[in-house]
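Asker: just coords:
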């Protein structure tokens with residue numbers, strides 16, 4: 001069954017508590033997770049998380065509409081994290097690993113962001 005669903009977005013809904021996960025999807029080699037936390041807090045947490053995970057951030061771009069961090073993990077694979085405000089109190093984080101994506105590695109980053117946000121609330 002898993003093979004027949006490959007490439008289809010998977011939506012998982014969770015509890016929307018402060019710093020919690022409001023929803024997750026995986027499509028086009030990118031794992032998106034919605035957090036019940038403001039944009040600035042999520043961006044700062046995402047950057048801190050990448051550095052804590054020994055991901056070398058080589059470029060960041062940020063404005064009121066979106067933020068993006070690009071870098072490489074310890075084995076040289078590219079990592080791109082995009083943060084987008086959804087509402088005043090919810091924020092989307094999209095993680096892409098390498099050219100074709102790596103769901104497990106993306107999930108590790110998203111999980112670390114979720115833990116850090118929960119600890120900050």
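Answerer: All right, it came through fine. Predicted model only: the values in this text are computed from it and were never measured.
Asker: Would you state the helices of this structure in chain order?
Answerer: 2-5, 39-52, 103-120 (DSSP state H).
Asker: And the second one, what's buried?
Answerer: Of the residues in helix 39-52, those buried by neighbour count under the rule 16 or more other Cβ atoms under 10 Å are 39, 41, 42, 43, 45, 46, 47, 49, 50. No exception for glycine: its C-beta is placed from N, CA and C like everyone else's.
Asker: Over to the longest one?
Answerer: Judged by neighbour count (16+ other Cβ under 10 Å), helix 103-120 contains these buried residues: 105, 106, 107, 108, 109, 110, 112, 113, 114, 116, 117, 118.
Asker: biggest strand in this structure, by residue count?
Answerer: Across the chain, the longest stretch assigned as strand under DSSP state E is strand 78-87.
Asker: tell me the angle that strand makes with helix 103-120.
Answerer: Strand 78-87 runs at 50 degrees relative to helix 103-120, counting by axes from the mean of the first three to the mean of the last three Cα atoms, to 10 degrees.
Asker: and for strand 78-87, what are the contacting residues?
Answerer: For strand 78-87, the surrounding residues in contact (Cβ atoms under 8 Å, 6 or more residues apart in numbering) are 34, 38-39, 42-43, 46, 50, 55, 64-73, 91-99, 109.
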